[in-house]
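Enquirer: test case, fold it:
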Amino acid sequence: MKKNQSGFTLIELIVVITILGILSAFALPRFAALQTDARIAKMNAALGSLKAAAALAHSVQLTQDLAPDASVALEGSVITMANGYPQSTNVSIGHAAGFATAAGAAFPEYVLASTATVFTVTPDASHPACAVTYTVPAAGSAPTYSNAAVTVANCT
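Expert: Numbering: from 1, shown residues only. All right, here's what the predicted structure looks like:
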């Protein structure tokens with residue numbers, strides 16, 4: 001009696017493995033680029049959050065007819081102001097935009113840095129050049145925002 005065997009031959013398995021290898025060679029670079037795209041989108045969203053927080057704090061100050069340097073209360077937190085907009089600190093614009101706690105501790109999703117007039121947000125410690133900034137305005141003007149550093153080269 002002869003047994004009928006079924007299954008794949010060695011040639012068929014080698015052909016399938018070769019085809020999968022070729023497909024993965026083309027697909028892998030596309031998946032690698034998704035991380036950069038996601039990082040760029042994250043930073044553009046951070047910029048939108050900074051703009052919204054500054055506009056909200058400014059509007060609260062205007063509607064309450066407060067002095068340009070008077071602090072405002074947003075959702076129970078005190079936001080210190082400078083020239084009608086939040087200061088460039090973690091407890092001011094950082095907290096108002098949702099990047100830090102009311103005490104100024106940064107949330108782990110971002111890395112925050114600030115000077116006397118500039119607040120900078122980066123996606124993580126590995127990509128310090130991929131950043132958005134908020135600059136406190138001079139008296140009588142609006143703040144400036146920048147996402148010029150959010151490029152494929154800086155966010156890769």
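Enquirer: top helix in the chain by residue count?
Expert: Using DSSP state H to define each element, the chain has its longest helix at helix 10-63.
Enquirer: and that one, what does it pack onto?
Expert: strand 72-74, strand 85-86, helix 95-96, strand 118-122, strand 132-135, strand 144-146, helix 152-155 (3 or more C-beta pairs under 8 Å, 6 or more residues apart in numbering; DSSP states H and E). (Each C-beta comes from the backbone N, C-alpha and C, glycine too.)
Enquirer: just the buried residues of the longest one, please?
Expert: Applying a neighbour-count criterion of 16 or more other C-beta atoms under 10 Å, the buried positions in strand 118-122 are 119, 120, 121, 122.
Enquirer: what's the farthest-apart pair in those?
Expert: Farthest-apart pair in these is 119 and 122; separation 11.3 Å (C-beta to C-beta).
Enquirer: okay, and the common contacts of the two?
Expert: 112, 113 (C-beta atoms under 8 Å, 6 or more residues apart in numbering).
Enquirer: where does the protein dip in pLDDT?
Expert: Within the chain, the ranges that satisfy pLDDT under 70 run 1-2.
Enquirer: tell me, what residue is most central in it?
Expert: residue 43 (3.1 Å; C-alpha atoms, centre = their mean).
Enquirer: quick one: the residue nearest to it when sequence neighbours are not counted and residue 47, what's the gap?
Expert: Leaving aside its sequence neighbours, residue 43 sits nearest to residue 150 (C-beta to C-beta, 6 or more residues apart in numbering; 4.6 Å). Counting by C-beta to C-beta, to the nearest Å, the gap from residue 150 to residue 47 is 8 Å.
Enquirer: quick check: neighbours shared by these two?
Expert: By C-beta under 8 Å, 6+ apart, the residues touching both residue 150 and residue 47 are residue 132.
Enquirer: what about these two, which has more around it?
Expert: For the pair residue 150 and residue 47, the greater number of neighbours falls to residue 150 (22 against 19), based on other C-beta atoms under 10 Å.
Enquirer: can you name the residues that contact the more buried one?
Expert: Contacts of residue 150 by C-beta under 8 Å, 6+ apart are 40, 43, 44, 47, 130, 131, 132.
Enquirer: what bridges to the last one?
Expert: What that stands for is residue 132. Beta-bridge pairing of residue 132, defined through DSSP bridges, involves residue 121.
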